[in-house]
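Enquirer: sequence and predicted model, in that order:
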Amino acid sequence: MKISDVTGFLEECFPKENAMDYDNVGFMAGYPDRAVTACVISLDLTGKAVECARQSGADLIITHHPIIFGGINTLNTETYKGRILTDLIRSGITCFACHTNLDMTDEYGNLAIAAALGAESPVHLEGTECGTVFEISETTLYEFAVKARKALGSSGIITINDPANKVKKVFVQGGAFDEDSVPAIVKSGVDTVLSGEIKHHICVELEEYGVSTIIAGHSATEQIYLEKLKGMLSEKFPSLKFIVNYNNEKASVI
């Protein structure tokens, strides 16, 4: 089996044309025609991810975030990107990224967050590029934030709202919050938004609309995708070994 067999399947699941215009998805570096026996799945291409691949004999690293973003001018090993990419290529390992093209597929992105939070019947919120909405048994913002922190393995939660606020209808959007989602959220009657990053002025704006916000961390809201991606790939390619690399995320939870 070749690396291109795995990456071709990923392109079927997460078409490149679904990626945002600013994004860079697909092959970052490597050898599409080489054989593959094992694969590492990681949020980012880091030195630790490359070392994990090397130690496990993996020929391919699948990342969510592309290491080449907005272009690079050099592979100078004095820069961290140059060092990592040079090490990757010297080790005979390929890197392939599925970023906003995966984000736009709620099943493997925001629905994974909703499932971790115990949501029943979450659905895509119309009027947003990506994001799911669901209802829960009424609780307080504090209680829901504590639950979210544990469920997502977040190292901390940020909110500007009264912890006694009621939570019943929740919108989740992993990674960085899309400000264009605000009108649809307000219209839908959502009372709480959970995302990885939300700008302060957006939190203030949503509070004025009666919507609480929970910032759970970019990594925490996206690392939840990795095990689901592993399950999908393991089912499709049972002869291959898939390893999830968490870098520092899980170790950071205190």
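Expert: Arrived safely, thanks for sending. Residues are numbered from 1 along each chain as shown.

Enquirer: quick check, pLDDT for the residue lying farthest from the centre of the chain.
Expert: Relative to the C-alpha centroid of the chain, counting by CA atoms, centre = their mean, residue 164 is the outermost residue, at 29.2 Å. Residue 164 is assigned a pLDDT of 98 by the prediction.

Enquirer: all helices of the stretch 151-254 of the chain, in order?
Expert: Counting by DSSP state H, counting those that start in this stretch, the stretch 151-254 of the chain has helices at residues 182-188, 200-208, 218-236.

Enquirer: tell me which of those helices sits nearest to residue 111.
Expert: helix 218-236 (8.7 Å; CB to CB). No exception for glycine: its C-beta is placed from N, CA and C like everyone else's.

Enquirer: since we're on the closest residue to residue 194 other than its chain neighbours, how many residues are nearby?
Expert: Leaving aside its sequence neighbours, residue 194 sits nearest to residue 214 (CB to CB, 6 or more residues apart in numbering; 4.4 Å). Residues within reach of residue 214, counting by other CB atoms under 10 Å, total 25.

Enquirer: skipping adjacent residues, who's closest to residue 53 in space?
Expert: Nearest to residue 53 is residue 40, by CB to CB, 6+ apart, at 4.5 Å.

Enquirer: go ahead and confirm that neighbour touches residue 243.
Expert: Yes - using CB atoms under 8 Å, residue 40 makes contact with residue 243 at a distance of 5.1 Å.

Enquirer: re the thing from before, next up, the contacts around the residue nearest to residue 194.
Expert: Residue 214 makes contact with 141, 144, 145, 148, 157, 158, 159, 192, 193, 194, 195 under the criterion CB atoms under 8 Å, 6 or more residues apart in numbering.

Enquirer: separation between it and residue 223?
Expert: 17 Å (CB to CB, to the nearest Å).

Enquirer: could you do residue 162 as well?
Expert: 29 Å.

Enquirer: which one of the two has more residues nearby?
Expert: More neighbours surround residue 223 than the other of residue 162 and residue 223, with 23 against 12 (other CB under 10 Å).

Enquirer: tell me the pLDDT of the more buried one.
Expert: For residue 223, the model assigns a pLDDT of 91.

Enquirer: I'd guessed it sits against residue 154; true?
Expert: No - with contact defined as CB under 8 Å, residue 223 does not reach residue 154; the gap is 9.6 Å.
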